[in-house]
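# Only the shape, not the letters, is given here:
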């Protein structure tokens, strides 16, 4: 049985050092429940903003950093992706299966199959687009495999929940060729 070292691995800070790190005077206690709730909401919003990875590089996760990943995110976010429909269609398929109504199950199965085929086609197209754009804009990048996988995983995520948040707006559903 291995013994863990006692303590936390660093000395306890002196009281004057800990108090020196505090910012400003302690606010007076709230006088009403409404004021307490307002302070709590402001504190929670501040904590959420501090914990959310933003667009600036130092606060981004390592997997999201770099100019190639930014390009991949922009390409994925600028197009409408079929993969976003997978989760709602799977949910509809499950509801249809629970209903035990044969015509509803048949329609749900066909819809599910159609969406899966569209996702495969869309993924192949996106893979080609990403490889081409990376080769043109970042010729020094030898491997595209990880970047393409990153883009494909980003397509599955519903736009509102993508981290880091999208910087570009999606284009029109059908593009006119000039």
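That came through, no problem. Every value quoted in this text rests on a predicted model; they were computed, and no experiment measured them.
# Would you point out the helix or strand in this structure whose mean pLDDT is lowest?
helix 15-20 (a mean of 77; mean pLDDT, DSSP states H and E).
# For the next helix or strand after that helix, enumerate the helices and strands it packs against.
As assigned by DSSP states H and E, the chain's next helix or strand after helix 15-20 is helix 33-51. If you count contacts as 3 or more C-beta pairs under 8 Å, 6 or more residues apart in numbering; DSSP states H and E, helix 33-51 packs onto no helix or strand. Placement of C-beta: from N, CA and C, glycine included.
# buried sites along the helix or strand that helix 33-51 is followed by?
Per DSSP H and E, the first helix or strand lying C-terminal to helix 33-51 is helix 67-77. For helix 67-77, the neighbour count (16 or more other C-beta atoms under 10 Å) marks 68-73, 75-77 as buried.
# still on that earlier bit, from the chain's centroid, how far away is the least confident helix or strand of the chain?
Distance, stretch centre to chain centre, for helix 15-20: 38 Å (C-alpha atoms, centre = their mean, to the nearest Å).
# go on, stretch 141-151?
Counting by C-alpha atoms, centre = their mean, stretch 141-151 is centred 18 Å from the centre of its parent chain.
# same check, this time on stretch 35-50
Relative to its parent chain, stretch 35-50 has a centroid offset of 23 Å by C-alpha atoms, centre = their mean.
# could you give the mean pLDDT of it?
In this model, stretch 35-50 has an average pLDDT of 87.
# ok so, going back, identify the residues contacting the least confident helix or strand of the chain?
By C-beta atoms under 8 Å, 6 or more residues apart in numbering, the list of residues contacting helix 15-20 from outside is empty.
# Now do the one helix or strand residue 110 maps to against helix 67-77, angle only.
Here residue 110 sits within helix 102-137, counting by DSSP H and E. Angle, helix 102-137 to helix 67-77, by axes from the mean of the first three to the mean of the last three C-alpha atoms, to 10 degrees: 140 degrees.
# Return the set of buried residues in helix 102-137.
If you call a residue buried by 16+ other C-beta under 10 Å, then helix 102-137 has these buried ones: 108, 112, 115, 119, 122-123, 126, 130, 133-134.
# Ok, stretch 18-25 next?
Buried residues in stretch 18-25, counting neighbours by 16+ other C-beta under 10 Å, are absent.
# Distance check, residue 20 against residue 46.
22 Å (C-beta to C-beta, to the nearest Å).
# residues in contact with residue 142?
For residue 142, no contacting residues are found, by C-beta under 8 Å, 6+ apart.
# Hmm, I typed the wrong one, I wanted residue 159.
With the criterion set at C-beta under 8 Å, 6+ apart, residue 159 makes contact with 77, 84, 166, 170.
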